[in-house]
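Asks: sequence first, predicted model second:
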Amino acid sequence: MDQVIPRVDWLLRPPGLIRSAACYSGFLIGGHLHLLRTGPGWQKLGGAYAIVGNIVVERQIEKNRAFLQQMQGWDLAREVPQRAEISYPLDSLESVSVKEYPHASIAEIRIRAREGKPRKLKLVGQDMLGDAGQRRAFFARIPAR
C-alpha cells in the first residue's frame, strides 16, 4: 500500500534581484523538506498595469496547474528528492515560522537552516489557490526548534 507523503502546494517565492518569482510544492520525505519548483511565480501589478498583470498572472497559474497535473503519475518518494530545487534535512532547520494573513488569503513562511541553500527562505502560501488546512497540517509536522 502506498504511503501518503505530506505535501503542500502553491508556495510562492517572490522575485529577487537576479532570480524571477517561482511557485513550489513542499514535501516531507525521508527526514527532509523538499521544495519542488512547479513553475513560474507572479506578483500582482497595480494601477494601469492591473489588466495586463491579471492576464499574465492567470497564465502563470495555469502553467503551475498543468505541472501539478503531470505530477499525479509520479512516484513521489523517488522523483521529488531527485528533482527538488531546494532541500533541507529536517534536523538542520533552525526555525520555521508561519504567519497567516486571513483577510488576504495568504501566509508568510520563513525558513532558516544550518545546511542547504538558501540558508534563509521566504515563501508565501497562496491560500486562495491551495488549502489553508493542508498548509497548516504540513508545517505542523516539521519539528519545532
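Replies: Okay, I see it. Numbers count the residues shown, from 1 in each chain.
Asks: where exactly do the strands run in the chain?
Replies: In chain order, the chain shows strands spanning 7-13, 22-29, 32-40, 86-89, 93-101, 106-113, 120-126, with DSSP state E as the criterion.
Asks: can I get the shortest one in CSV, CA atoms only?
Replies: Written as CSV, here are the backbone C-alpha positions of strand 86-89 (Å, rounded to 0.1, in the frame of the first residue of the first chain):
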residue,chain,number,x,y,z
ILE,A,86,15.7,23.2,-2.6
SER,A,87,16.1,20.5,0.1
TYR,A,88,16.8,20.8,3.8
PRO,A,89,17.5,18.0,6.3
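Asks: how far does the lowest-mean-pLDDT helix or strand in the chain sit from its chain's centre?
Replies: For the chain, counting by mean pLDDT, DSSP states H and E, helix 50-70 ranks last in confidence among helices and strands (a mean of 85). Mean-position distance between helix 50-70 and its chain equals 15 Å (Cα atoms, centre = their mean, to the nearest Å).
Asks: got the angle for that helix vs strand 22-29?
Replies: 30 degrees (axes from the mean of the first three to the mean of the last three Cα atoms, to 10 degrees).
Asks: buried residues in helix 50-70, which are they?
Replies: Buried residues in helix 50-70, counted by 16 or more other Cβ atoms under 10 Å: 53, 57, 60, 61, 64. C-beta here means a position set from N, CA and C on the backbone, and glycine is covered the same way.
Asks: nearest residue to the last one other than its sequence neighbours?
Replies: In other words, residue 64. residue 39 (4.0 Å; Cβ to Cβ, 6 or more residues apart in numbering).
Asks: over to the second one?
Replies: Setting aside the residues directly before and after it, residue 57 is nearest to residue 42 in space (Cβ to Cβ, 6+ apart), at 4.4 Å.
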